[in-house]
Every structure is written in structure tokens, then in C-alpha cells.
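**Q** A structural model of the following input is requested.
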Amino acid sequence: MKAFRCSSSISNFRKKLLVRILTEEWHWLKSRHKQTVFFGAYHVGDYVRILWHRGERRIFWCGGDILNIQKSIFWRFIIPKIPATHFCENEVEAKALYEIGIRASISPMIFDAFNDKIGFKPSRNPHVYLCAQPQREKEYGVGLIEMIACMFPEITFHIYGVGGVNQKNVIFHGKVPTEKFDKEIRQYQCGLRLNEFDGFSEVTAKSILLGQYPITKIKYPKIDHAKDNESLIKLLRNLKNKKKPNKEARIYWIKQLEKSLCELF
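**A** Okay, here's the model as predicted:
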């Protein structure tokens, strides 16, 4: 029997993992000698559990946890010395982990059990969506979108997770239930992820699985890469020319995400 442990810092993913993964949650005593996947290593509580564990350890780094351990002189020395197999979601994260002595395999995944059908419909007036966290709007590119939205009168930008002042073609939805979000994005054409240090976000995953044309700042196979603002503008302008669902990329990522889950367990 195997087990998994989800960091309290990403507790919103715990229920999603319980649906996707047919295995038990880690228990400090009952699961101590079982093969365990630790999702997220954000804080001292996570580090101590990993250190206490005696079975095979698999650590799945999510993004923000890498930034946290970089700041800890003590734990960035200890964690790399603990026998474990490490996973992360892209080359940016892998490089950051390597710099503190951790070699990680790249295995992007989606926590949600998202098996929706194609949700792309061509439009001369595309709808683009992104998610952000309160107090971290700059990191998620909210200010950038507010600044450049006037360049794209044909595009409506939908911003979820935070509030703000609506513009002519920028709509702030705030925090909404997952079911509502999933229903609404089916009507859109592009999931936008402008974080420069990030895991494989659910915005990107859901957009590609819907057969849409997501745009990301971090490079991924078969996903449009906005390496700078100039390339972002070009990609946004080209959205209205997308006439068919992004089936090839969708099939690729369905297989990749299934493979990643199998590699972890």
C-alpha cells in the first residue's frame, strides 16, 4: 500500500487528490514505512514529516515551496541530503532545485479530476482568462493586462481570484466556486499564465485539455510561449485567427498528464 501527504499550504488541492488518487493519506505512525508522495514542501511541518518518514519518499515540488526553501539556510542544506525521488513541473523549477543540490524529474500534472470535453469555439472576439491571488496581482500579470487591454478591443479579458475595477474589456470576477469557473471557461478561447516562476497551473492545464490555445511565460511543449511582452502581444493578436480546436496539443497533454501521475505512484 502507498500513501500521499498534501501540504497544508496547498490544502485546497487535498480533496482533489483524494478523488484522483486511490490511496490512503499519510499518517505519521501508520504510514511511516510506506512509499509516500509528499505534495508540496512549503514549511517546517512539511520538512519534519519528510525527515520523520522511513519508507520510500517522493517529493512533488509545486512552485512556491521552492522559493521558500531557497530562503532557509538550514533546510536547504538538510532536505537535499534526505534520500528521496524529486519531481517538479518545468525546467524553471528544475533549475532552481538543482542550484540547491536537488535533481528533479519534470512531471507536470493537474490536481483536479478534469476530464472535460473540448470547449473551444472559434471567435473573432476571443475571451481570455487568468487567475490571480490577492496581494500578488503583479506576479500574475494583472497590471500588465490592465495596461495593454486597450490594444485589443476585440478581446475580453476575464480575471478570476481577485477583485478590481472593470474596464471596457477587462472583467474582474473575484473568487468563484470551481464548478462555476469550469463552466464559464468552456466559453473562452485562451487560458493566460504570466507567472515567471510557477508550476504547471490549472489554468494552463484546463485550457489545453479543453482544446483551447493557452499562453504561458514558462515554456512547455505544444503550448504558446510568451517569452516577452512583444511575443505576448503577437500571440494575443493571433487568437482571432484560430479556427479549429487545438486537438494535437490536447491529445499530447492528456497522455503527458496521465504519465506524470503514473510516475508519481
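**Q** Relative to residue 201, how far out is residue 175?
**A** Distance from residue 175 to residue 201, counting by CB to CB, to the nearest Å: 16 Å. In short, each C-beta sits where N, CA and C put it, glycine included.
**Q** ugh, typo on my part, it should be residue 59
**A** Distance of residue 59 to residue 201, computed by CB to CB: 19 Å.
**Q** unless I'm mixing things up, residue 9 is touching residue 43, no?
**A** Yes. Using CB atoms under 8 Å, residue 9 is in contact with residue 43, at 6.4 Å.
**Q** Any idea which helix or strand in the chain has the lowest mean pLDDT?
**A** Across the helices and strands of the chain, mean confidence by mean pLDDT, DSSP states H and E is lowest for helix 14-20: a mean of 85.
**Q** So which bits of it are buried?
**A** Neighbour counts over helix 14-20 (16 or more other CB atoms under 10 Å) mark 14, 16, 17, 20 as buried.
**Q** now whichever helix or strand comes after it: how far from the chain's centre is it?
**A** Sequence-wise, the next helix or strand downstream of helix 14-20 (DSSP states H and E) is strand 24-25. In terms of CA atoms, centre = their mean, to the nearest Å, the centre of strand 24-25 is set 23 Å apart from its chain centre.
**Q** Packing partners of strand 24-25?
**A** Judged by 3 or more CB pairs under 8 Å, 6 or more residues apart in numbering; DSSP states H and E, the packing partners of strand 24-25 are strand 3-6.
**Q** Which neighbouring elements make contact with the strand it packs on?
**A** Helices and strands touching strand 3-6, by 3+ CB pairs under 8 Å, 6+ apart, are helix 14-20, strand 24-25, strand 36-39.
**Q** Pull the first one out as CSV, backbone CA atoms only.
**A** Right, helix 14-20. Output of helix 14-20 as CSV, limited to C-alpha atoms (Å, rounded to 0.1, in the frame of the first residue of the first chain):
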residue,chain,number,x,y,z
ARG,A,14,-6.3,17.9,-0.9
LYS,A,15,-9.9,17.0,-1.8
LYS,A,16,-8.9,17.0,-5.5
LEU,A,17,-6.1,14.5,-4.8
LEU,A,18,-8.5,12.3,-2.8
VAL,A,19,-10.7,12.0,-5.9
ARG,A,20,-7.8,11.3,-8.3
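**Q** Touching it from outside, list them.
**A** By CB atoms under 8 Å, 6 or more residues apart in numbering, the residues outside helix 14-20 that reach it are 4, 6, 25, 39, 111, 112, 113, 261.
**Q** among those, which ones are buried?
**A** 4, 6, 39, 111, 112.
**Q** Number of residues surrounding residue 212?
**A** 30 (other CB atoms under 10 Å).
**Q** Looks like it contacts residue 120 (just checking).
**A** Yes. Using CB under 8 Å, residue 212 is in contact with residue 120, at 4.9 Å.
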